[in-house]
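**Student:** Can you look at this prediction? I've put the sequence above it.
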Amino acid sequence: MSNTGKDLAWMVPYLNLLPRVNDPIFTEVWQNNRFAFENLTTRFDKVDLYSARLVCAAMHNNQRLLVVLPDRALHRPPLLFATCLVMDALDSIRYPDIEPNKVAYFGTSIGIREQLSAVKLHDLYLDNVFPTYRIARGTTEATVIPSKRSTRSRRTRGSLANSLPQVVCAYSPADPGEVIDHFEPTWLAVDCSDTDAIRWLPSLLEYAEHLDLPVVAWCQNPLAAAVHDFDKAGGLVFRWPKAYHFIQTIENESEQPENYEHQTNIKPLVIDFQSPDVSVLLQRAYSALAELARSSNIDQRLLRDALNIGWRYLQALELLPVPLALYEVEVHRFWNSATLAQLQQTLGHFVDAIKDTYPQALLLLQTAHEALCSVHAVLTNNEPPMWTALMSVCSATREEHTSRVLVFSTEFRRQLFILGILARHNTSEHDLRSRGIWVTTLKAWHREHAKYERERMTGKTHPTDEHHRLPLDKPYTPIIVGLPSTRQSVNIEPLFDQIAGAILLYPYQKFALLHRVQEWNAAVAPAPLDQAECLAQLARETIDLDAVPTMAPRVIVVGADDLRVTVQPVSRPSPTTPWKPLDPVQELTRLFEADEDMEATEIGAEERSGSSVTADQSDMSWVDSIVELQLEGGWHATFAVNDMLQVVVGKNDAHIEERYVRSLRQHDRILFIVGQRRQNLYDLIIARVHAHPAIELHLALVRRWHEELPNAYGRWKQQHGGSLDGLLAALKSEGSRLMSTQTLRLWLAGQVLCPEDAGDLRRLARVLDMPFVRDNYRQIDKAARRLRGIHIALANRLNRWLQQEAVGALQIGEPDTSVLDKELGLTFSDFRASLLILSVESIQERKELYLRSSLGQLEREES
């Protein structure tokens, strides 16, 4: 195998040539192990030392560098940041006549205070030495973040304090250039963490290059879009091979690093059609859309939207996880999803729209449309190929002591599959697990795997979550349902920790799989030549390329298995099934029916699923009339005429009102949450705090009870022939004061964080036999109340901010010290950088065909 310690030997001489390696300060800090990380029982390894050399070299050379770390070890990111701060600070002390440097720290979620508080130099904790600041939007003043360890002894600093770098934090800023202009930092630190895509990163890198500012960044997901963003912006990227764990410590050069790497064998499970018509039609549509994607005009908005809806229609047919009738009834309950009938209609509209403008593209789009409509017609009365293939996988004999994990691309497909297999085969998710089959999504798999990695490194686990966990600590075979796109691949990293995995796909996707595997290998097993090029630019030395070894692929495709699928008539529930109170389609509809009469005091759909899309328009995938808003500062956005926006009204009593876009007038002021499709505070909170250790368990508890409830309800109905009315009666007999089944439907749909009465959780657990909720109902209630509390605090502070902004009180430069949550250290400043109030400069309404999914994006003209 490649990637042993000897394979990295070629790199060491060039790492030793990097600037500042022999600097006495660097030697004192690193070679003599002056750094310590709280609760870390092992010494720092060579990855830490070499990564520190890389970022110091980038700062010295005024370069922009991203280090892709090999794992999720908690100490690596703060150590890199601390190294840069220490070197910067001690340089300032060397040259006292120079103004102290300023540092802008950009991230996606809170945590820098906790990171610095865990690092110490000798007996000095870094959060004591380096005061961290948050900038108040619209001012050049900054707010000091108080030290987490205010009771610890402090080192007397005197004049030293005047030489230390100041740090300003900005989380998901609407405009990173504004933060840079206001604070005027000397260099930038960017924590890309495990985030899949960072909206503001390209503009930050472009502006940093314009100002010739050095940037040091780190990332813990080798497949994240941040890597591509750095490449595209002309920055340097150094990738460590994934899961390369060094046991050699810094002072012991004689030990060879141990390599835990292995090769991942991917077996394609190819759906072998016994009906050639369906196979030929899908391949014809696939080929036509692929050729259209290579068109020279594809950058035109109308043609791009047409291609987008074509791919969506094809993918929906390919990945149909249940019989079509069930799908059509249920899919519109999920955000940003459409029925197959809507997709068919929308694609037809775009075919008509491009007739006169793009005649060459028209033929390709017509070919795809006709082929997909034919497949659609076949599946109306026949079982979908993917559904049939999944049934085959579930019925296959498994290897002893090895579980199988079905990984769906989206949550709505996962939920549909679980409900479909319950309705058609009398099998619940609990039954599947008893057979060693688990069902998850790419995002959930990635999230649980990351959590498992952290727990394995720290030894800390959350026993309350064990009941639902994927069997990550035991042998299992992941089976990916459908070929992941490049964008979806950002969550497929757990696959590379397995010896073997499988992907369900169609015959015409074999070449696409090989291309995707090349992308994965480039990310997790970087080419030494690419590493050499990065080192050469950092060391400013010529590297002997003949001495650079080759790299064996980390991921390989092994022999395919054919799953023979016969297109057959839609099956009906078995007559022996004891639970048959209603037709499955009707039952699914009732199960997730929303409560339109819900009291406004209960946190429900308006908080978790709010958007600018109105109810009468959300069922349509396309619109033929749009409003384009030109906003102050070069911002602009396009909306459907019936979309709604948050408009700031009033002055002394300034507040937010929802208004239709068509009712807007020039000079109206609109509040935007930049980077969010759904313009609601709940999503903003989750985006900012989801990775924080103190809140992660709260989210897991709420998520877990949301998943357990519909499954338990399905089993209860199956065993007792019950209904929502029956469940309400059972809860009342247990002492509940609920009055309507509408509330139960909201609970089943996950539209409510948690019942207002914690006793209702306990009653549900008793009636429906929900072991997780029964054991943890108090913790679930506390978690929901904690999230509600943050939401209420943010909403209240937002109203005060609007009132201050309306009367110009924010222009006086007073720092914002409003604390929303003391334990998290969460302040309004952590959210404010993502909020923009923009005045409408002009409004233009046009009759033009648009995909709804392409609307609502706030963009800015290039300067």
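**Tutor:** Perfect, I can see it now. All of these numbers come straight from a predicted model, not from anything done at the bench.
**Student:** Give the next helix or strand downstream of the host helix or strand of Arg424.
**Tutor:** Arg424 is part of helix 411-425 when elements are defined by DSSP states H and E. Using DSSP H and E, the next helix or strand after helix 411-425 towards the C-terminus is helix 429-434.
**Student:** Would you mark the buried spots in that next one?
**Tutor:** Residues of helix 429-434 classed as buried by neighbour count (16 or more other Cβ atoms under 10 Å): 429, 432. Quick note: C-beta positions are derived from backbone N, CA and C, even for glycine.
**Student:** Can you spell out which helices and strands pack onto it?
**Tutor:** For helix 429-434, the packing partners by 3 or more Cβ pairs under 8 Å, 6 or more residues apart in numbering; DSSP states H and E come out as helix 411-425, strand 437-441, helix 693-720.
**Student:** What lies in contact with that helix?
**Tutor:** Defining contact as Cβ atoms under 8 Å, 6 or more residues apart in numbering, one finds that helix 429-434 is touched by 394, 418, 421-422, 438-439, 711, 715.
**Student:** most neighbours, which of those?
**Tutor:** Neighbour counts for those, by other Cβ atoms under 10 Å, peak at Leu422, which reaches 26 neighbours.
**Student:** Contacts only, for that one.
**Tutor:** 428-429, 714, 718.
**Student:** Leaving out sequence neighbours, find the closest residue to Ala341.
**Tutor:** Spatial nearest neighbour of Ala341, excluding adjacent residues (Cβ to Cβ, 6 or more residues apart in numbering): Glu328 at 6.5 Å.
**Student:** Surely that neighbour touches Gln344?
**Tutor:** No - applying Cβ atoms under 8 Å, one finds Glu328 not in contact with Gln344, separated by 11.0 Å.
**Student:** Compare those two and say which one has the larger neighbour count.
**Tutor:** Set side by side, Glu328 and Gln344 show more neighbours around Gln344, with 20 against 16, by other Cβ under 10 Å.
**Student:** Pick the most deeply packed of the helices and strands packed on helix 429-434.
**Tutor:** helix 411-425 (a mean of 22; mean count of other Cβ atoms under 10 Å).
**Student:** mind saving the C-alpha coords of that one as PDB?
**Tutor:** Taking Å, rounded to 0.1, in the frame of the first residue of the first chain, the C-alpha atoms of helix 411-425 are listed here in PDB:
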ATOM      1  CA  GLU A 411     -34.800  12.800   3.800                       C
ATOM      2  CA  PHE A 412     -38.100  12.800   1.900                       C
ATOM      3  CA  ARG A 413     -37.100   9.800  -0.200                       C
ATOM      4  CA  ARG A 414     -36.000   8.000   3.000                       C
ATOM      5  CA  GLN A 415     -39.300   8.700   4.700                       C
ATOM      6  CA  LEU A 416     -41.300   7.700   1.700                       C
ATOM      7  CA  PHE A 417     -39.500   4.400   1.400                       C
ATOM      8  CA  ILE A 418     -40.100   3.600   5.100                       C
ATOM      9  CA  LEU A 419     -43.800   4.400   4.800                       C
ATOM     10  CA  GLY A 420     -44.100   2.600   1.500                       C
ATOM     11  CA  ILE A 421     -42.600  -0.600   2.700                       C
ATOM     12  CA  LEU A 422     -44.800  -0.400   5.800                       C
ATOM     13  CA  ALA A 423     -47.900   0.000   3.700                       C
ATOM     14  CA  ARG A 424     -47.000  -2.500   1.000                       C
ATOM     15  CA  HIS A 425     -45.100  -5.200   2.900                       C
END
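**Student:** angle of it against helix 693-720?
**Tutor:** 20 degrees (axes from the mean of the first three to the mean of the last three Cα atoms, to 10 degrees).
**Student:** Output the below-cut-off pLDDT ranges for the stretch 251-400 of the chain.
**Tutor:** Scanning the stretch 251-400 of the chain for pLDDT under 70 picks out 251-261, 274-276, 332-336.
**Student:** actually the stretch 501-650 of the chain, sorry about that
**Tutor:** Using pLDDT under 70, the flagged stretches of the stretch 501-650 of the chain are 562-620.
**Student:** which stretches of it form strands?
**Tutor:** Secondary structure of the stretch 501-650 of the chain (DSSP state E, counting those that start in this stretch): strands at 555-557, 561-565, 622-631, 635-640, 644-649.
**Student:** one step back: present the helices and strands packed on helix 429-434 as CSV; the columns should include mean pLDDT.
**Tutor:** Shown next, in CSV, are those (pLDDT from 0 to 100):
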stretch, mean pLDDT
helix 411-425, 85
strand 437-441, 95
helix 693-720, 78
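**Student:** Just put these in CSV and tack on distance to Ala285.
**Tutor:** What follows is those, written out as CSV (distance: least, Cβ to Cβ, whole Å):
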stretch, distance to Ala285
helix 411-425, 20
strand 437-441, 26
helix 693-720, 34
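**Student:** Excluding chain neighbours, what is closest to Pro185?
**Tutor:** Ala104 (3.9 Å).
**Student:** so that neighbour sits in a strand?
**Tutor:** Yes - judged by DSSP: H, G, I helix; E, B strand; the rest coil, Ala104 forms part of a strand.
**Student:** My read is that it contacts Glu184, right?
**Tutor:** No - applying Cβ under 8 Å as the test, Ala104 and Glu184 come out as separate, 9.0 Å apart.
**Student:** Pick out whichever of those two has more residues nearby.
**Tutor:** Legend: neighbour count by other Cβ under 10 Å for Ala104 and Glu184, higher for Ala104 (28 against 12).
**Student:** How is this structure divided into domains?
**Tutor:** 6-239, 275-380, 385-524+553-565, 584-600+690-791, 606-688+792-860 (automatic domain parsing).
**Student:** And those domains: which comes nearest Leu535?
**Tutor:** Proximity to Leu535 (Cβ to Cβ) singles out domain 6-239 among the domains of the chain, at 4.5 Å.
**Student:** From the chain's centroid, how far away is the closest one?
**Tutor:** Taking the mean of its C-alpha atoms, domain 6-239 sits 23 Å from the chain's own mean (Cα atoms, centre = their mean, to the nearest Å).
**Student:** One more: stretch 478-497?
**Tutor:** 14 Å.
**Student:** ok, how many other residues are close to Asn16?
**Tutor:** Close neighbours of Asn16, defined as other Cβ under 10 Å, add up to 12.
**Student:** Next one, pLDDT for it please.
**Tutor:** Note for Asn16: predicted pLDDT of 90.
**Student:** And Ile480, by the same measure?
**Tutor:** pLDDT at Ile480 comes out at 97.
**Student:** before we move on, what about Leu164?
**Tutor:** What the model reports as pLDDT for Leu164 is 66.
**Student:** next one: the one 5 residues further on
**Tutor:** According to the model's per-residue confidence, Cys169 sits at a pLDDT of 84.
**Student:** For it, give the beta-bridge partners.
**Tutor:** For Cys169, the beta-bridge partners are Tyr105, Arg134 (DSSP bridges).
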